Each structure stands twice: as C-alpha cells, then as structure tokens.
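S.K.: just to be clear, the model below is a prediction. Sequence and coordinates:
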Amino acid sequence: MSEKEPNQLVDNFFRLEAGRMVSTLTRIFGLDNIDLAEDVVQDAMVKALQQWSYGSIPANPSGWIMQVARNRALDILRRQTSFQKKEGEISRSIETQLRSPAEFEQCFAETEIRDDQLRMIFACCHPSLSRESQVALTLKTLCGLGVAEIARSFLTSEDAVAKRLVRAKQRLREARVPFEIPAGAALAARLDSVLQVLYLLFNEGYNASQGQELIRWDLSTEAIRLSELLLEHPAGNTPASNALQALMLFQASRFTARVGDDGGLLLLDEQDRSRWNRAMIEWGTYFLEQSAAGEELSAFHLQAGIAACHSLAESYESTDWDTILSLYDLLIEIDPSPVAALNRAVALAKVQGAGAGLQAVAEIQNKKQIGSYYLLHAVLAEFNLELGNLHRASEHLSKALELTNAESEQAFLSRKLKRCENQIAQSGLRQRLA
Amino acid sequence: MESDTKTFLLILRGGSTRRDMSPTDYGRVVRKYMDWVESLKTSGHYKAGEPLEEDGKVLSGRQPTLITDGPFAESKETVGGYFMITARDLDEASEVARGCPIFENDGTVEVRQIAIIPRPEA
C-alpha cells in the first residue's frame, strides 16, 4: 500500500488539476462552453506529458500546468474576439474577460479557482438534470474522471455515459444556467441536491457495489474532498452539510479495517478497531458538533449520529444499540425508504433479538423495492442463523450471493455460506449418529 | 565509464496525443516515464534527456527558404525530445530503448550511435 502512494500522487495530480482547470476555464468561457474548457485542459495535459517525460518535472507543477491552460485560453479568447469584432458582435462574457488583463489574471487567483469549483458543483447539480446526469457531470468536470472510468464505476457502457454527458451539457445550455453560487431560496434547494449527489458518490465508493477497487475508493475520497470545498464557503456551510461530512468521515475511518488479509469484507464485529482511522473519527466528531448549530435535523444528522455510535464504541460488544435504535426510529420518519427500515430492523434485532428483527423485516413497507437488494437477503440470513434456521439462512445467503457483483462481498458471503453448510452437514451427521 | 561504451541518441517521435486519454491516464503515462528514466539512471545508461518545444522552423533550399513554422504537419512524425544513453553497442542501446513508454501510445524511437571521430594527435 505505501509503495503505491507516490504513484497515486502522480496519477491523481492530473485528475485534480483537471477539475480545477475545467472549473476556472468554464468561468472564463461560460457554462455554454464546457467542451471548449475541456479541450484546453486536454491540450495542457498533452503538453505536460510531452515535456515532463524526460526526467524533470517543474518545481511548481500545479502552477506550470495552469499557466499553460491560461495561455491557451488567452489565445482562444483573442482569436474569438478578433473574429467577433469582424462579425460586429462580442459576447458579453468574453468582453468582460478581456477588458483588462488584470481582470483576466484575477480568474486565476487561488480563492477564485476554489469558488469556481463550487460554482461548478452547483451547476452540475442543477435541477434540470437527472440525478444520474448530475453525478456523471460532477465526476467528469470536478473529479477529472474520464468517460471510461465513470462507466466502469457505475457499471454502464462508455457510450451511455458519453451520451449522458452530452445531453447534460445541452440541458445546461438550454436552461441558461448561470455559472454562480445560488442565493436565497434557490440555494437551499440546490444545496440539498449537491449533498445528495455527494452522498451518492460516497456510497458508490463505500459500498463497493461494482467496479475496480481503486476507482471506488477514489469516489469516496472525492465526495469528502468536494464536501470540504463546500464547507469552506459560507453558502455551503450548513448544519446538513456538516452532518454529511461527519457521516462520511465516520464511515471512511473504517475503510482499511473493513478489508481482511484475504481481501474479503469484514463486518463491524470482525474488524480490528485499532485499525480505524482515529483522525477521521475526531474530524467526524468535530463536524457532528458543528452540525448541531441551528434547528435543522436532517437524515444526515441521524445517520451521522448512528455512525458516531459505532465509531466511538470501544468494542462491538459495548456498542450502544439502544441509542442507535432510537436514532433509526427518528430516521425512518424522515426517510421512509425500505433501506432505512431494513437497517432499523438490524438495530432492533440487537436490542430485542433476531426474532424481533425478522418480524420488523416482514413489516417493511414497499419491500418489493429492495427484493433484489443483496443486503436484504444477507440480513435475513443473519437473523435465521441466529435463530438456528440453518436451511433458511443458507437459502438467503445463496440469494444474496447471486445479487452482488462486488468481489469482496462475494468472498464474504461465500465464506458465510460455507460455514452455514458445514453446520448443516454437522447437524445432519449428529442426527444420524444419535 | 568503460572505454568500450558508446553514446547513443534516442529520438522520440509522437506518442503523446491520444485524445481519448483521461487525466488519470496522463498521470499514469508521466509516471511510467519517470520510472523508466529512474531505471536508466540506476542501470547507468542515462546521460541526458530533454523535451523540445512544440514550435520550430524548418529551413531548406538554396536561399534557404523558410518552409514551415511547425516542424512537421503530421504530429506522428514530430520529434518530442531526445535521450542520450550509453551502451556497449547498438543492440544493447535498442534493448534499452525498448523499455520506453512511448510505444504504448503509438510513438517511435530512433536509436542512433553518436559517431566517434578520432581526434588528431596533439
């Protein structure tokens, strides 16, 4: 792992710089011209690749590549201006950019670059776009992922992602979305959409439902990075965004501890808690405290509270299930989804036993929605195991195995299933011997 | 350096302009070059290496006449830079050049020995 780090640093450098550059160039060229911004970034990376391949990298790589992008942008603006002058029409944004060199330079100030990324987040999460498009566009423009990488991390075709991105940009043009941080009532709605997108990104990485390990981990760290960006700005620093950040940090603190030596997934009771990332837990606690400012109680608050209970328990046995259950009781009122209800059933089983858990699962509304959700079957298997219904448990484990694509989860479920089958065989043997 | 080693010029052409690369891909390629240059240094083959600027002029003819602003229209043929390495012979130099990451992106490497011209006796 440690050997990989400097390599990933180089890999990530271009990705992160691309996100910064696309945002700033979009500010310069206008939201209508994301494609142009992306072309300029591509040119800058080609030049970096060409010049850095001979053994020496500039002292300030970040400044170097931004400078290349800056120069290309200036070339394009000048060319467009002289063309448009002939045509007798200069677009307002370009005129503003070129009015004074100082104003153009101002676009590359560090604080502006940061705010441009924020403007980009809000643009990507505009309500005219579907949630999938919001996510895809965020990954492309802000996280610097390529079409192939987005397709791989969401298990869809490159063609579908490419089309989705083209349509999303088209929509933004048609809706004449301004490149700005929304204000007033619009801010609250848009911010909610931003938080949903970030949490989706995080979960895609955290739950490792598909795709390559590295990309998945990146998705989660990207969600945390973008959320940090959001929290640094007064417009984005709300109780809910603090709660989301706390939630993500608590979960991320367990990233490495979740994977066993064989690469398999370890559950909370199997994890070596000394491997949890203490710094992340402390930051999570900090953001949870920050989230308590004000009246708002979002689903993120409750989920962060639940995650905190796990993170702060010294051992699995000392987990405060009573508090967790009461937080879930509140959560299912805000979030009446079957997934939340399923999680509550797990907490209930901890407090009142597996029988109560089974009962709660049976009572879940709209259970059809999660019928093909592997965790439903994994949970049912767990309850049945505890109650000694080995055959039932084995059926649910097989079903869960069918329903997940992630290798680490498959390995985990196979291990459980094997153990369960052994138990069945042993009890059969015992019966015959008796 | 041993007396029987010779110096070779590796001329790199093309290999950096695939448009479908993602930023991470660029990062990976740059890292491959860094690793390769590092391995050349470790093995003692490395002498020098530098990229060339994109812009250039090509002069030719009797006047001479300036024929173009860019080195070549075809980017595949554009020289991106050079490495100087030491090796026993052309075979070893070619073997060293074979490790260049440029081939993954359809580039080429021309391997040429720097001619040894005997100096006149002092």
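M.R.: Good, I have the coordinates.
S.K.: buried ones in the helix or strand hosting A:Lys416?
M.R.: Secondary structure from DSSP states H and E places A:Lys416 in helix A:407-433. By 16 or more other Cβ atoms under 10 Å in any protein chain shown, the buried positions in helix A:407-433 come out as A:408-410, A:412-413, A:416-417, A:420. Just so you know, the C-beta spots here come from the backbone N, C-alpha and C atoms, and that holds for glycine as well.
S.K.: of all these, which comes closest to chain B?
M.R.: Checking the buried residues of helix A:407-433 against chain B with Cβ to the nearest Cβ, the nearest one is A:Ser408 at 22.1 Å.
S.K.: about what we covered before: want to try JSON lines for the buried residues of helix A:407-433, with pLDDT and distance to A:Lys399 as columns?
M.R.: Output for the buried residues of helix A:407-433, formatted as JSON lines (pLDDT from 0 to 100; distance: Cβ to Cβ, whole Å):
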{"residue": "A:Ser408", "pLDDT": "74", "distance to A:Lys399": "18"}
{"residue": "A:Glu409", "pLDDT": "79", "distance to A:Lys399": "13"}
{"residue": "A:Gln410", "pLDDT": "83", "distance to A:Lys399": "13"}
{"residue": "A:Phe412", "pLDDT": "83", "distance to A:Lys399": "15"}
{"residue": "A:Leu413", "pLDDT": "88", "distance to A:Lys399": "10"}
{"residue": "A:Lys416", "pLDDT": "89", "distance to A:Lys399": "12"}
{"residue": "A:Leu417", "pLDDT": "92", "distance to A:Lys399": "10"}
{"residue": "A:Cys420", "pLDDT": "91", "distance to A:Lys399": "13"}
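S.K.: for whichever residue of chain A sits closest to chain B, which non-adjacent residue is closest in space?
M.R.: For chain A, the residue closest to chain B is A:Gly146, as judged by Cβ to the nearest Cβ, at 2.4 Å. Closest residue to A:Gly146 apart from its sequence neighbours, by Cβ to Cβ, 6 or more residues apart in numbering or on different chains: B:Ser22 at 2.4 Å.
S.K.: list the contacts of that neighbour.
M.R.: Contact analysis of B:Ser22 by Cβ atoms under 8 Å, 6 or more residues apart in numbering or on different chains lists A:15, A:144-149.
S.K.: any idea which helix or strand comes after the worst-scoring helix or strand of chain B on mean pLDDT?
M.R.: Counting by mean pLDDT, DSSP states H and E, the weakest-scoring helix or strand in chain B turns out to be strand B:65-68, with a mean of 64. In the C-terminal direction, the helix or strand that comes right after strand B:65-68 (DSSP H and E) is strand B:79-87.
S.K.: partner strands of that following strand and their direction?
M.R.: When sheet partners are counted by DSSP bridges, strand B:79-87 sits next to strand B:6-13 (antiparallel), strand B:46-51 (antiparallel).
S.K.: Throw the ones you listed into TSV and include distance to A:Ser241, thanks.
M.R.: Listed next are the strands paired with strand B:79-87 as TSV, based on distance: least, Cβ to Cβ, whole Å:
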stretch	distance to A:Ser241
strand B:6-13	48
strand B:46-51	44
